[in-house]
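> Fold the following.
(one chain, ligands or ions: 1)
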Amino acid sequence: MMVDGQAKFKGKPFQLPSLRSWIVYVSRELFEDMRKARDDSLSFREEVNEAVAIEYTIGKELADNPWHTSVIRKQMTQNLGAKFPEIYDEISQAFMDELEVADSGAWTPINAYNVILHVVCRASNRLFVGLPLCRDKEFTKISRDFTITVTRAGFLISCFPRFLKPLVARYVSAAPGATKAFGRFIIPVIEQRQKAEVELGDAWKDQKPFDFLQWMMDAANENQRDPKDLNKRMLGMNFAATHTSSMSFTHAFYWLAACPQHLPELRREVESAVETHGWTKEAVNNMFKIDSFIKESMRLTGLGASSMQRKCVRKIILSDGTQIPAGAHVAINAWSLHHDPQIYPNPFEFDPFRFSRKVEEGESVVKNAFTTASSEFLFWGGGSHVCAGRYFASQELKAMLAHIVMNYDVMMPTEGVRPTDMWFGSTCIPDPRATVLFRRRAM
Ligand code: HEM
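Numbering: from 1, shown residues only. Predicted structure coming up:
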């Protein structure tokens, strides 16, 4: 429908119904309007609050003041290099534990999505809260299930008028139970750290853990140190990180399994980067083909057909004269943009080295990098709310792909056939039931 709308209205804004409301889709020409718009006109927060009923599912505190986002943008991003060895350790351990591939060297059919979800959850939580919690089966299960819990409850709550929402939330939402269960793990850790800080005074500085939870505790002001509040923010992080990364990785991985002819070229690149830099952030930064492979997968079959969705909170007029009334929802038609032949020649072809080739031809590395959000690549959204975790997500996905490439052969049971994607509204979901064949790589 978005492709038809784009063709019929020749790039002018048009409206389509979504599962919750009508959405005005604008094209790339209005990217700057969307990028520059402030929250008092086109609101990201109102959009998210409405989509997942955040005040009833995750917590009103997060909706009112998401201060932890600046900890992601600053402390977390700055420390990714230092944390890489641990994150890579978790990725390789998790693949070893979760991927039951025959030792005989025979092909083993495996439900890849389930493995990927477990690996992502462990790797993310290694950064968020460290060992041993990131490997705790009960703790990671709450984290893995939480996105589904919130998405389901949020959708249901959003269908009811405002005065009924609290009632619906109380009876349908499993989120408060999940928050409590998560808190049984996280709150004692927070309390123990707060106690140690008081008892050890200055000595705490040298002994304190080096993880996201601690960066958040250090950044919190006097009013933000309540363990219950910090618990909700940790769960919010898991919500933002787990399924987005797992589903995105699965999209890229299905391309790899459907096109294993690219394995040798990817292997050569990973081998050379690791030989020079070891398994470090520098090595991953030098994996341009891996980067390009993932970016091309996200261009062709990324999670969102729409991007930068906002709720209009006061009437505005866009630069082409389009009037957006208060209460309307606006988004960029990312699907049409990512499949526009003017920007991406042969847009429906999977061309994994499309971006790394440009770099080899002399174009800027930054322009072509997976992490770069621009008017031509809307996978991460854009403007002031562009994904805060994209540097971590990119590093994690690249390290996972590099690890698979180095250790396994993969292929689809029907050679060359990628599992058919599923659509939920404007979200493109890789088939979670698909089986992929794995074989340990002969060294
Ligand atoms: C492949 C994985 C991921 C994808 C596809 C993704 C995608 C997005 C998108 C589309 C947005 C909205 C941007 C906009 O509307 O302009 C967003 C926002 C956000 N993401 Fe991600 N994300 C991913 C991973 C992560 C991770 C790992 C974290 C945390 C560690 C994270 C934290 C956030 C936060 C906090 C925001 C809100 C930013 C704000 O309020 O300003 N994301 N993400």
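
> What distance separates the opening and closing residues of stretch 360-368?
Using C-alpha to C-alpha, to the nearest Å, one end of stretch 360-368 lies 11 Å from the other.

> Now do the longest helix along the chain, average pLDDT.
When the chain is parsed with DSSP state H, its longest helix is helix 227-258. The pLDDT scores in helix 227-258 average 96.

> Which positions within the helix or strand following it qualify as buried?
Following helix 227-258 in sequence order, the next helix or strand is helix 263-277 (DSSP states H and E). The neighbour-count check on helix 263-277 (16 or more other C-beta atoms under 10 Å) flags 263, 266, 269-270, 273-274 as buried. Where you see a C-beta, it was placed from the backbone N, CA and C, and this is true even at glycine.

> what's next to helix 263-277, contact-wise?
256, 283-284, 286-290, 293, 353, 401-402, 405-406, 409-410 (C-beta atoms under 8 Å, 6 or more residues apart in numbering).

> what helices or strands is the helix or strand that comes right after that helix leaning on?
Remark: after helix 263-277, the chain's next helix or strand is helix 281-285, criterion DSSP H and E. When contacts are defined as 3 or more C-beta pairs under 8 Å, 6 or more residues apart in numbering; DSSP states H and E, helix 281-285 sits against helix 80-98, helix 263-277, helix 390-407.

> tell me the angle of the first one relative to helix 390-407?
Helix 80-98 runs at 50 degrees relative to helix 390-407, counting by axes from the mean of the first three to the mean of the last three C-alpha atoms, to 10 degrees.

> Spell out which parts of the stretch 151-300 of the chain neighbour the ligand.
Proximity of the stretch 151-300 of the chain to the ligand, by C-beta under 6 Å from any ligand atom, involves residues 237, 240-241, 244-245, 248.

> Most neighbours among those, which one is it?
residue 237 (26 neighbours; other C-beta atoms under 10 Å).

> show me the contacts for it.
Contacts of residue 237 (C-beta under 8 Å, 6+ apart): 68, 72, 124, 128, 212.

> From residue 353, how far off is it?
33 Å (C-beta to C-beta, to the nearest Å).

> again, but for residue 160
For residue 160 relative to residue 353 (C-beta to C-beta), the value is 49 Å.

> Repeat that for residue 172.
On the measure of C-beta to C-beta, residue 172 and residue 353 end up 47 Å apart.

> same thing with residue 324?
In terms of C-beta to C-beta, residue 324 sits 40 Å off from residue 353.

> Please identify which of the two sits among more neighbours.
Per other C-beta under 10 Å, whichever of residue 324 and residue 353 has more neighbours is residue 324, with 22 against 17.

> check contacts around the more buried one.
So residue 324 contacts 24, 42, 312, 315-318, 330 (C-beta under 8 Å, 6+ apart).

> Who does the spatially closest residue to it that is not a sequence neighbour form a beta bridge with?
In space, and not counting its chain neighbours, residue 324 is closest to residue 312: 4.7 Å by C-beta to C-beta, 6 or more residues apart in numbering. Judged by DSSP bridges, the bridge partners of residue 312 are residue 42.

> looking at it, residue 312 is touching residue 325, isn't it?
Yes: contact criterion C-beta atoms under 8 Å: residue 312 and residue 325 qualify, at 6.8 Å.

> between those two, who's got more neighbours?
A count of neighbours by other C-beta under 10 Å puts residue 312 above the other of residue 312 and residue 325, at 21 against 10.

> what about stretch 302-319, start to end distance?
28 Å.

> Ok, stretch 431-443 next?
Terminal-residue distance, stretch 431-443 (C-alpha to C-alpha): 31 Å.

> for this structure, what helix or strand is lowest in average pLDDT?
helix 2-8 (a mean of 74; mean pLDDT, DSSP states H and E).

> Pull out the buried positions in that one.
Those would be 2, 5-6, for helix 2-8 by 16+ other C-beta under 10 Å.

> need the strands for this protein, in chain order.
Using DSSP state E, the strands found in the chain span residues 14-17, 22-26, 42-43, 108-111, 306-312, 316-317, 323-324, 329-333, 408-411, 422-424, 427-429, 435-440.

> who wins for proximity to the ligand among these?
Comparison of the strands of the chain against the ligand by C-beta to the nearest ligand atom identifies strand 306-312 as nearest, at 4.5 Å.

> just the angle between the closest one and strand 329-333, please?
Using the same axes, to 10 degrees: strand 306-312 against strand 329-333 is 160 degrees.

> picking that back up, please tabulate the buried residues of helix 263-277 in a markdown table, including the columns pLDDT.
Output for the buried residues of helix 263-277, formatted as a markdown table (pLDDT from 0 to 100):
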| residue | pLDDT |
| --- | --- |
| 263 | 98 |
| 266 | 98 |
| 269 | 98 |
| 270 | 98 |
| 273 | 98 |
| 274 | 98 |
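
> tally of neighbours for the closest residue to residue 401 other than its chain neighbours?
Leaving aside its sequence neighbours, residue 401 sits nearest to residue 290 (C-beta to C-beta, 6+ apart; 5.4 Å). For residue 290, the neighbour count with other C-beta under 10 Å is 25.

> where's residue 290 relative to residue 405, distance?
Taking C-beta to C-beta, one finds residue 290 at 8 Å from residue 405.

> what about residue 279, neighbour count?
21.
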